[in-house]
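Trainee: Fold the following and give me the result.
(2 chains)
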2 protein chains.
Amino acid sequence: MSDLPTSVYLNEEGPREGFQIEAATIPTARKIELVDRLAQTGLRHIQVASFVNPRAVPGMADADAVVQGFRPVPGVEFTALWLNQKGFQRALGYRDRLAINGSLNLYASDAFLMRNQNRVPGQQRAAQHELIAMYQAAGVRVKRGFISAAFGCNYEGDIPVARVVRQVGELLEIAAEHGESIDHMGLGDTMAWATPESIRRVVGAVREAHPDLTILLHLHDTRGLGIANAYAGLQMGVRMFDSAVAGLGGCPFAGHKGAAGNVCTEDLVFMCEEMGIATGVDLDALIDCARLAEDVVGHPLPGAVMRGGGLARFRTASRAAGGGR
Amino acid sequence: MSDLPTSVYLNEEGPREGFQIEAATIPTARKIELVDRLAQTGLRHIQVASFVNPRAVPGMADADAVVQGFRPVPGVEFTALWLNQKGFQRALGYRDRLAINGSLNLYASDAFLMRNQNRVPGQQRAAQHELIAMYQAAGVRVKRGFISAAFGCNYEGDIPVARVVRQVGELLEIAAEHGESIDHMGLGDTMAWATPESIRRVVGAVREAHPDLTILLHLHDTRGLGIANAYAGLQMGVRMFDSAVAGLGGCPFAGHKGAAGNVCTEDLVFMCEEMGIATGVDLDALIDCARLAEDVVGHPLPGAVMRGGGLARFRTASRAAGGGR
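Mentor: Numbers count the residues shown, from 1 in each chain, chains lettered A, B, ... in the order given. Here you go, the predicted structure:
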C-alpha cells in the first residue's frame, strides 16, 4: 500500500534560509545561538550560512562570523551554500568547521533558468562541468544533484515529468563523465507547485528510471501543501528532506511575495515520529529551537507544532490517570 | 495505488467555527457579509451560526440576527449548530432559511466525554435515543453521525481503532432502531492527534466494516498535519470534509491553547483541484473570502493559499509567453 521508510535524514536549512531573507539587523551572536541549539537536537545536518554578496543579501553579511562562531558537534555536519567560485573559495577557508560537498544543479524550467542564471540549458550543463573541475581542483567530491522547479514554474507553467527524468539522467551523466557519483538527487518544488499526486508521479518516474538513486525533496510551503507533499514523498520511499526549523525562510528569487519557507522541520519530525519513522531528533528540544527562532527573527514564523505542542505529555498524563483502556 | 474520489463535498464551517471563538465585537453585518460572499463561491454547505448560550459563547450572541440576515441562495444549504433542546428549538424557528438536519454523536474517548458532556458512554448512547425522539417529534430526519476524538485524546491518549469501529456500528444501530438512516458518518480529529497513517488505518477499518457508509473527516490543524491528513483521507476514498475558510476557528473545549481551527477550505480546494478532484468551488472567489475573513476578524488567519495565491494566473501568463514546451 505504501513504501514508508523506517527512518529519514533531514537537512536543516533554517539558519541559511531564514537569515537570508531577514533584514540584516539580527545580532550575529543570536544566529550562532540558534545554530548551537539546533546542533543539540539530534539533527545531523545543519546549513548555517550562505557565502553570497552581502550587497545582494544583507542578512548574510556576517556569514564568516557565524561560521567562525558556532560550536562544532561530533556527528553533526555543518554546511554552507555558495552560488559561484568566489563563494566556494570563501567556504573552502572553513574546511576545518564545514563539510564541503560539491553540488550540481539543472533547471526543469528554461524560463526560470534564464531569469535566475541568465543561461540557456546548454550553458547550464556546461557550467556543471566547470563546477566539477573547480571542485576537483580543490579536492572536493560531488555529493548532491539538484533539479530546480521540478514540479512547476511561475514563468513556464506545468513541467512535464519526462523532462525532470531526463535532467536527472543528464546530471548523473555529467557527474559520471568526471568520475564523480551523486549521493542524492534533490527535486526542488522551488515555487510551490507540487501536490501530493505530482510528488508521486515525479518521484515514481525518477525511481523507475534510477531505482538505486537516493531522492531528496526540497519542498516550499507557500500554498500549504508542504507537509502533505512530504507525506506523499514518504509513501514513495523518499527518506531525505530539506527542511527549516519553524518554517524559517523563503525564496527571495521566486518572483511573488507570498513565497513561504521550506517545509517546517519540527512539523515534519512530529509527523514522521508519530508514524513510526525515526528522525533521530528530540521533538521537544526542536520545538524549543523553533520558539528561539521566532524570538531571534522577532516575528511569528509559520510552524504549527511549536504552538500546538507534541503529544508525549498527553500520553504520559493519560497513562498516569489510567487512560488508554 | 490510491482511491482518490473524482469530486468532494465540503461543509464550510468557517463562520460558525470562527465567530464562536472570536470576541463579541465583530459587527453582525460583517458576519453576514462573509456568509453572503461564501455563498457565491460554489460552496454547497455553509454553517452560519451556533445556537448556544451567549453567556458561554459571546461571539454567538447575534446568531439569530446572522441567520435572519444572510441572503439564501438556491442550491446552497445553510445550517446552524445546536448542543441541546433549547438550541434546537431556536434553529427550528428558521426552517425557511436553514436546512435542519439531525445529528448524532458518540465519543471515542470516555475521558473527553466526561469532561465535555459529564456523561459515561451509556448515558451518551441514551441521549442519542432522546435526540432522535426530539428530531422525530419535529419532523426532522437524522442526517449525520459523528465520532468525536476518533484519532486520539488529550485526556485519554491513543484511541484503539476497534473502538472507533464499534462506536460507528453503535451509532448506526441506534439510528436504525428508530427507522433513521445516517447519510454520512463524521470522524473527528477533535484534538489534532491524527497522522496520515492513522487516518488510513481508522478510515480503512471503518470502510471494511461498513463499505457503503459515506465517511466525513473533521480535521483540526493544530499540529500542521490537517492537509496531509485530508490527502490520506482522499487516498482512502473519503469525499466529504468539514473545513473553514482561511482556517477560521478553533475548538474552545480542546483543553490547550494551541488549538487551531479546522483544515483551511481554500487550501483544501487548491489541493483537490490541482489533483483533478472537483470541488465545485471558484478558488479565486474563495481566496477573496479568506482575505475578507481576515479583515472581519481583524487578525491574521492561518490559510496559506490566500497568501501564496493559486496557479491559474501563472499558467495563463506562461502560455501567453509561449511556455510549456
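Trainee: How many neighbouring residues does A:Ile46 have?
Mentor: 25 (other C-beta atoms under 10 Å in any protein chain shown). (Glycine included, C-beta is placed from N, CA and C.)
Trainee: residues making contact with the strand or helix carrying it?
Mentor: Following DSSP states H and E, one finds A:Ile46 within strand A:45-51. Contact with strand A:45-51 is made by A:9-13, A:15-17, A:19-20, A:35, A:38-39, A:57, A:60, A:63, A:66-67, A:70, A:76-83, A:86-88, A:90-91, A:98, as judged by C-beta atoms under 8 Å, 6 or more residues apart in numbering or on different chains.
Trainee: again, only using 6 Å
Mentor: Residues from elsewhere that reach strand A:45-51 (C-beta atoms under 6 Å, 6 or more residues apart in numbering or on different chains): A:11-13, A:15-16, A:20, A:35, A:38, A:60, A:63, A:66-67, A:77-82, A:87, A:90-91.
Trainee: Show me what the next helix or strand after it is packed up against.
Mentor: The first helix or strand that comes after strand A:45-51 along the chain, using DSSP H and E, is helix A:63-69. With contacts taken as 3 or more C-beta pairs under 6 Å, 6 or more residues apart in numbering or on different chains; DSSP states H and E, helix A:63-69 sits against helix A:28-38, strand A:45-51.
Trainee: Counting neighbours, which bits of helix A:63-69 end up buried?
Mentor: The neighbour-count check on helix A:63-69 (16 or more other C-beta atoms under 10 Å in any protein chain shown) flags A:63-64, A:66-67, A:69 as buried.
Trainee: Now that helix - C-alpha only, PDB.
Mentor: Output of helix A:63-69 as PDB, limited to C-alpha atoms (Å, rounded to 0.1, in the frame of the first residue of the first chain):
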ATOM      1  CA  ALA A  63      28.300  34.700   7.200                       C
ATOM      2  CA  ASP A  64      32.000  34.400   8.100                       C
ATOM      3  CA  ALA A  65      31.400  35.300  11.700                       C
ATOM      4  CA  VAL A  66      28.600  32.800  12.000                       C
ATOM      5  CA  VAL A  67      30.700  30.000  10.600                       C
ATOM      6  CA  GLN A  68      33.600  31.000  12.800                       C
ATOM      7  CA  GLY A  69      31.400  31.200  15.800                       C
END
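Trainee: Quick one: residues contacting A:Glu180.
Mentor: A:Val142.
Trainee: Ok, A:Asp282 next?
Mentor: A:41-42.
Trainee: Only the buried residues of stretch A:136-156, if you could.
Mentor: A:140, A:142-156.
Trainee: and the closest residue to A:Gly310 other than its chain neighbours, how many neighbours does it have?
Mentor: Nearest residue to A:Gly310, sequence neighbours excluded (C-beta to C-beta, 6 or more residues apart in numbering or on different chains): A:Leu283, at 4.9 Å. Using other C-beta under 10 Å, A:Leu283 is surrounded by 21 other residues.
Trainee: Can you give me the distance of A:Leu283 to A:Ala290?
Mentor: 10 Å (C-beta to C-beta, to the nearest Å).
Trainee: With adjacent residues omitted, what lies nearest to A:Gly249?
Mentor: A:Glu17 (2.8 Å).
Trainee: ugh, typo on my part, it should be A:Asp284
Mentor: A:Gly310 is the one closest to A:Asp284 (C-beta to C-beta, 6+ apart), at 6.4 Å.
Trainee: quick one on the thing from earlier: just put the buried residues of helix A:63-69 in TSV and tack on pLDDT.
Mentor: Converted to TSV, the buried residues of helix A:63-69 look like this (pLDDT from 0 to 100):
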residue	pLDDT
A:Ala63	95
A:Asp64	97
A:Val66	97
A:Val67	97
A:Gly69	98
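Trainee: ChimeraX command for the buried members of the contacts of strand A:45-51?
Mentor: Applying 16+ other C-beta under 10 Å to those, the buried members can be selected in ChimeraX as follows:
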select /A:11,12,13,15,16,20,35,38,60,63,66,67,78,79,80,81,82,87,90,91
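Trainee: Select from the contacts of strand A:45-51 every entry located in helices.
Mentor: A:15-16, A:20, A:35, A:38, A:63, A:66-67, A:87, A:90-91 (DSSP state H).
Trainee: okay, those residues in CSV with distance to A:Thr190 next?
Mentor: Listed next are the ones in helices among the contacts of strand A:45-51 as CSV, based on distance: C-beta to C-beta, whole Å:
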residue, distance to A:Thr190
A:Pro15, 20
A:Arg16, 16
A:Gln20, 14
A:Val35, 25
A:Leu38, 24
A:Ala63, 22
A:Val66, 25
A:Val67, 25
A:Gly87, 19
A:Arg90, 24
A:Ala91, 22
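Trainee: Pick the one among these closest to B:Ser198.
Mentor: A:Leu38 (28.7 Å; C-beta to C-beta).
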